[in-house]
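# missing the sequence, but the structure's below:
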Ligand code: DLL
């Protein structure tokens, strides 16, 4: 289901025209109203009138998370504070939070792109959306909420956590759509089984999962355990929250709502824009945002773009599922590894549960990676010999795919902490 064919199926030339017009206006506003951008553009030697075409975007400076933090809380506002109707922030766990301030128009755009997102996975007016993303300053809860309301679906704003209650609500209200992090969906499935409920039979037909990296193997697990279509949705606080990009029913890359968010992929060390198909850091410009617009935001998320038309009829550029973050990348003895690559390998092994943790330590000046993976009850009750064989097999599989030596340790069922929001997969003892 395409929510807005006018924009989601716009032809390429018309889209570029639309983007150029929006970018021109944006740059003009930012130069006049936001001292932060005025200064940055002066430093880059670029004036608003230099931006005539969308390809001129490369002349504009990048914006980083640190710069956004430096102007906390209101340094990026491009309208009067009176015109701001809602504020969200990033969690702030790694430093000063980043602020996203929305005008009424921004909330309208958010509802629109989230209506597109939920429609792309088949949500309609008759659906009951169990929204288990956290409500509050985190953008997941309210983002999904506004989209579901726009579609006219019934939204259950249960927020994250309280797993037993989630299961009761799912059963009693007959939820058809689930929205939460991929890791939490597996926790819900596990908790359901513990209560004697088959999670694939509760009536869910689609799930909208994002806010953390997950692999294709993890998708397979979720779809099988919960008996639903698992749709990957992407977004970030600095840009709008969820709603930047989403998969359709074909699950072949995430369609970017590029009439609102202009994507580029760059080589992280040089800032050079890469051609479609080449992996690098995703950079996004908010073309239509009013409250806190952002020019060329460096997301630190690694992906690549492709523009081939999709069988669903959408013509928008697609991004490959996020492969990892530049700041989550582990460098183990010189080899770059993303946690999601490890996930992809380990979940293919028989007897393994989709719960794992990566522990990085430095011993004798060398980095060592220990992969702790939960085994299922069947493997757990098996002979020690078989457990060792499985550990060796995973180590060999990881070596074959990633070219690094790891230590794999199978741990007892249900010993790795479950998450109700974003899963924490890496324990990096080198930073302790
Ligand atoms: O996580 C917004 C969101 C809410 C997206 C609900 C999807 C669903 P932040 O907390 O600012 O915002 O975190 C943004 O999370 O830069 C990515 O690294 C990661 N991320 C978000 N979606 C995905 C995804 C929300 N589908 C950061 N796959 C981003 C992989 C994702 N990583």
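Right, received. Where do you want to start? Predicted model only: the values in this text are computed from it and were never measured.
# only C-alpha atoms for contact and neighbour calcs from this point on.
Will do.
# residues touching the closest residue to the ligand within the stretch 251-400 of the chain, list them.
Going by Cα to the nearest ligand atom, the ligand is nearest to residue 322 of the stretch 251-400 of the chain, at 4.7 Å. By Cα atoms under 8 Å, 6 or more residues apart in numbering, the contact set of residue 322 is 213, 301, 302, 303.
# let's see 6 Å
302, 303 (Cα atoms under 6 Å, 6 or more residues apart in numbering).
# just for the chain, where's the confidence low?
For the chain, applying pLDDT under 70 flags the ranges 431-432.
# so what does the closest residue in space to residue 255 that isn't next to it in sequence have for phi and psi?
Counting by Cα to Cα, 6 or more residues apart in numbering, residue 255 lies nearest to residue 318, which is 4.4 Å off, once chain neighbours are set aside. Main-chain torsions, residue 318, degrees, to the nearest 10: phi -120, psi 150.
# equivalent analysis for residue 367, please.
Residue torsions, per degrees, to the nearest 10, at residue 367 are phi -80, psi 140.
# beta partners of the residue nearest to residue 255?
Note on residue 318: beta-bridge partners by DSSP bridges are residue 255, residue 306.
# report the longest strand in the protein, please.
Assignment by DSSP state E gives strand 352-363 as the longest strand of the chain.
# and that strand, what does it pack onto?
On a contact count with 3 or more Cα pairs under 6 Å, 6 or more residues apart in numbering; DSSP states H and E, strand 352-363 meets strand 366-375, strand 426-428.
# that older thread, so what's the residue nearest to residue 255 up against?
253, 254, 255, 256, 305, 306.
# so the fourth one makes contact with residue 248?
What that stands for is residue 256. No: if you go by Cα atoms under 6 Å, residue 256 and residue 248 don't touch, sitting 10.9 Å apart.
# picking that back up, so for residue 238, which of the helices and strands packed on strand 352-363 sits nearest?
Comparing the helices and strands packed on strand 352-363 by their distance to residue 238 (Cα to Cα), the top pick is strand 426-428, with 23.5 Å.
# helices and strands around the helix ranked longest in the chain, which ones?
Ranked by residue count under DSSP state H, the longest helix found in the chain is helix 12-33. In terms of contacts (3+ Cα pairs under 6 Å, 6+ apart), helix 12-33 is packed against helix 35-44.
# report the distance from the helix it packs on to the chain centre.
30 Å (Cα atoms, centre = their mean, to the nearest Å).
# contacting residues around that helix?
So helix 35-44 is contacted by 30, 31 (Cα under 6 Å, 6+ apart).
# equivalent analysis for stretch 94-104, please.
Counting by Cα under 6 Å, 6+ apart, 69, 83, 84, 85, 86, 87, 88, 89, 90, 238, 291, 292 sit against stretch 94-104.
# give the PyMOL command for selecting the buried subset of those residues.
Remark: buried members of the contacts of stretch 94-104, expressed as a PyMOL selection using 16 or more other Cα atoms under 10 Å:
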select buried, resi 69+84+88+89+90+238+291+292
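# can you list the strands that whichever strand or helix holds residue 209 pairs with?
Assessed by DSSP states H and E, residue 209 sits inside strand 206-210. Strand 206-210 has the following sheet partners, assigned by DSSP bridges: strand 177-180 (parallel), strand 229-236 (parallel).
# list the buried ones in that strand?
For strand 206-210, the neighbour count (16+ other Cα under 10 Å) marks 206, 207, 208, 209, 210 as buried.
# ok, now stretch 254-267?
Quick answer for stretch 254-267 (16+ other Cα under 10 Å): 254-266.
# what about those, which are in strands?
Cross-referencing the buried residues of stretch 254-267 against strands under DSSP E gives 254, 255, 256, 261, 262, 263, 264, 265, 266.
# and the helices in the stretch 101-250 of the chain?
104-120, 139-151, 163-172, 182-194, 216-226 (DSSP state H, counting those that start in this stretch).
# would you turn those into CSV with distance to residue 381 and mean neighbour count?
Shown next, in CSV, are these (distance: least, Cα to Cα, whole Å; neighbours: other Cα atoms under 10 Å):
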stretch, distance to residue 381, mean neighbour count
helix 104-120, 42, 23
helix 139-151, 40, 24
helix 163-172, 28, 15
helix 182-194, 18, 20
helix 216-226, 22, 19
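# of all those, which lies closest to the ligand?
Comparing those by Cα to the nearest ligand atom, helix 139-151 comes nearest, at 3.7 Å.
# tell me which other helices or strands the closest one touches.
Using 3+ Cα pairs under 6 Å, 6+ apart, the elements in contact with helix 139-151 are helix 104-120.
# no more questions from me, cheers.
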